[in-house]
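>>> Pasting the sequence and the predicted model now:
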Amino acid sequence: MISVYYDDKCSLCSREINFYKKIAPKNTINWLGISSSLEDLKYAKLTEVDVLKYLHVRDSNGNFYVGVDAFIIIWSKLPYFIYLKYIISLPVIYQIATFIYDKFANYRFKKLGHCQLALKKKK
(Lines give C-alpha, C1' and ligand atoms only; values in the text may rest on other atoms or scores of the structure.)
Protein backbone atom coordinates (compact mmCIF):
# COMPACT_ATOMS: atom_id res chain seq x y z
CA MET A 1 0.00 0.00 0.00
CA ILE A 2 1.19 3.51 -0.76
CA SER A 3 0.46 6.65 1.25
CA VAL A 4 -0.38 9.89 -0.56
CA TYR A 5 0.17 13.20 1.25
CA TYR A 6 -1.80 15.96 -0.44
CA ASP A 7 -3.13 19.48 0.19
CA ASP A 8 -6.78 18.86 1.04
CA LYS A 9 -7.46 22.60 1.42
CA CYS A 10 -6.66 23.21 -2.26
CA SER A 11 -9.83 22.80 -4.32
CA LEU A 12 -7.93 21.74 -7.45
CA CYS A 13 -5.86 19.17 -5.54
CA SER A 14 -8.91 17.81 -3.73
CA ARG A 15 -10.89 17.43 -6.96
CA GLU A 16 -8.10 15.43 -8.55
CA ILE A 17 -7.53 13.26 -5.48
CA ASN A 18 -11.28 12.64 -5.08
CA PHE A 19 -11.38 11.40 -8.68
CA TYR A 20 -8.46 9.07 -7.97
CA LYS A 21 -10.16 7.84 -4.79
CA LYS A 22 -13.25 6.86 -6.80
CA ILE A 23 -11.31 4.76 -9.29
CA ALA A 24 -8.57 3.34 -7.04
CA PRO A 25 -8.83 -0.34 -6.13
CA LYS A 26 -9.63 -0.80 -2.43
CA ASN A 27 -6.75 -1.10 0.04
CA THR A 28 -4.08 0.10 -2.38
CA ILE A 29 -3.75 3.76 -1.41
CA ASN A 30 -3.85 5.50 1.95
CA TRP A 31 -5.00 9.08 1.29
CA LEU A 32 -3.66 11.59 3.84
CA GLY A 33 -5.02 15.12 3.56
CA ILE A 34 -2.52 17.42 5.23
CA SER A 35 -5.02 19.37 7.34
CA SER A 36 -6.04 16.21 9.22
CA SER A 37 -2.72 14.35 9.08
CA LEU A 38 -0.16 16.59 10.79
CA GLU A 39 0.85 13.76 13.14
CA ASP A 40 1.43 11.51 10.12
CA LEU A 41 3.71 14.18 8.67
CA LYS A 42 5.79 14.29 11.85
CA TYR A 43 6.03 10.50 11.90
CA ALA A 44 7.14 10.52 8.26
CA LYS A 45 9.61 13.37 9.00
CA LEU A 46 8.00 15.66 6.44
CA THR A 47 7.36 19.35 6.90
CA GLU A 48 3.92 20.83 6.35
CA VAL A 49 5.39 23.40 3.94
CA ASP A 50 7.08 20.77 1.77
CA VAL A 51 3.91 18.70 1.51
CA LEU A 52 1.76 21.75 0.81
CA LYS A 53 4.10 22.70 -2.00
CA TYR A 54 4.56 19.30 -3.65
CA LEU A 55 2.57 16.08 -3.71
CA HIS A 56 4.36 13.33 -1.74
CA VAL A 57 3.96 9.55 -1.88
CA ARG A 58 5.51 6.95 0.43
CA ASP A 59 5.71 3.41 -0.95
CA SER A 60 5.44 0.19 1.05
CA ASN A 61 9.23 0.16 1.53
CA GLY A 62 9.20 3.64 3.10
CA ASN A 63 10.68 5.41 0.05
CA PHE A 64 9.35 8.88 -0.72
CA TYR A 65 8.50 10.27 -4.15
CA VAL A 66 7.78 13.93 -4.82
CA GLY A 67 5.98 15.83 -7.58
CA VAL A 68 5.83 14.07 -10.94
CA ASP A 69 7.47 10.98 -9.43
CA ALA A 70 4.64 10.85 -6.87
CA PHE A 71 2.05 11.00 -9.64
CA ILE A 72 3.81 8.18 -11.48
CA ILE A 73 3.53 5.98 -8.37
CA ILE A 74 -0.17 6.86 -7.95
CA TRP A 75 -0.93 6.24 -11.62
CA SER A 76 0.74 2.83 -11.43
CA LYS A 77 -2.04 1.82 -8.98
CA LEU A 78 -4.98 3.18 -11.00
CA PRO A 79 -6.82 1.46 -13.84
CA TYR A 80 -6.00 2.95 -17.26
CA PHE A 81 -3.59 5.49 -15.76
CA ILE A 82 -0.75 3.00 -16.02
CA TYR A 83 -0.50 4.06 -19.67
CA LEU A 84 -0.02 7.68 -18.60
CA LYS A 85 2.68 6.50 -16.21
CA TYR A 86 4.63 5.04 -19.13
CA ILE A 87 4.18 8.11 -21.31
CA ILE A 88 5.23 10.58 -18.58
CA SER A 89 8.22 8.37 -17.72
CA LEU A 90 9.75 8.83 -21.19
CA PRO A 91 12.92 10.93 -20.80
CA VAL A 92 12.04 14.15 -22.66
CA ILE A 93 8.39 14.08 -21.61
CA TYR A 94 9.43 13.45 -17.99
CA GLN A 95 11.74 16.49 -18.03
CA ILE A 96 9.02 18.72 -19.52
CA ALA A 97 6.39 17.41 -17.07
CA THR A 98 8.74 18.00 -14.13
CA PHE A 99 9.48 21.55 -15.29
CA ILE A 100 5.77 22.36 -15.72
CA TYR A 101 4.80 20.72 -12.42
CA ASP A 102 7.48 22.66 -10.51
CA LYS A 103 6.37 25.97 -12.04
CA PHE A 104 2.72 25.25 -11.30
CA ALA A 105 3.43 24.03 -7.73
CA ASN A 106 5.39 27.17 -6.90
CA TYR A 107 2.71 29.42 -8.43
CA ARG A 108 -0.09 27.62 -6.56
CA PHE A 109 1.84 27.72 -3.28
CA LYS A 110 2.40 31.49 -3.54
CA LYS A 111 -1.30 32.15 -4.29
CA LEU A 112 -2.95 30.06 -1.54
CA GLY A 113 -3.36 31.74 1.84
CA HIS A 114 -3.10 28.56 3.91
CA CYS A 115 0.23 27.76 2.24
CA GLN A 116 1.59 31.19 3.09
CA LEU A 117 0.41 30.81 6.71
CA ALA A 118 2.27 27.50 6.97
CA LEU A 119 5.37 29.17 5.57
CA LYS A 120 5.15 31.95 8.18
CA LYS A 121 4.72 29.39 10.97
CA LYS A 122 7.86 27.58 9.81
CA LYS A 123 10.03 30.71 10.09
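It's in.
>>> Please count neighbours and contacts with C-alpha atoms only from this point.
OK.
>>> burial of residue 114, as a residue count?
17 (other C-alpha atoms under 10 Å).
>>> That one: what's it in contact with?
residue 9 (C-alpha atoms under 8 Å, 6 or more residues apart in numbering).
>>> what about it, helix or strand, and which?
Here residue 114, judged by DSSP states H and E, is contained in helix 113-122.
>>> and the longest helix anywhere in the chain, what other elements does it pack with?
In the chain, taking DSSP state H as the definition, the longest helix is helix 91-111. When contacts are defined as 3 or more C-alpha pairs under 8 Å, 6 or more residues apart in numbering; DSSP states H and E, helix 91-111 sits against helix 48-53, helix 68-75, helix 81-88, helix 113-122.
>>> Not counting the worst-scoring helix or strand of the chain on mean pLDDT itself, show me its contacts.
Within the chain, confidence by mean pLDDT, DSSP states H and E is lowest for helix 38-44 among all helices and strands, at a mean of 82. With contacts defined as C-alpha under 8 Å, 6+ apart, helix 38-44 is touched by 34, 47-48.
>>> Go again with 10 Å.
Here helix 38-44 makes contact (C-alpha atoms under 10 Å, 6 or more residues apart in numbering) with 5, 32-34, 37, 45-48, 51, 58, 62, 64.
>>> quick one: buried residues of it?
Neighbour counts over helix 38-44 (16 or more other C-alpha atoms under 10 Å) mark residue 41 as buried.
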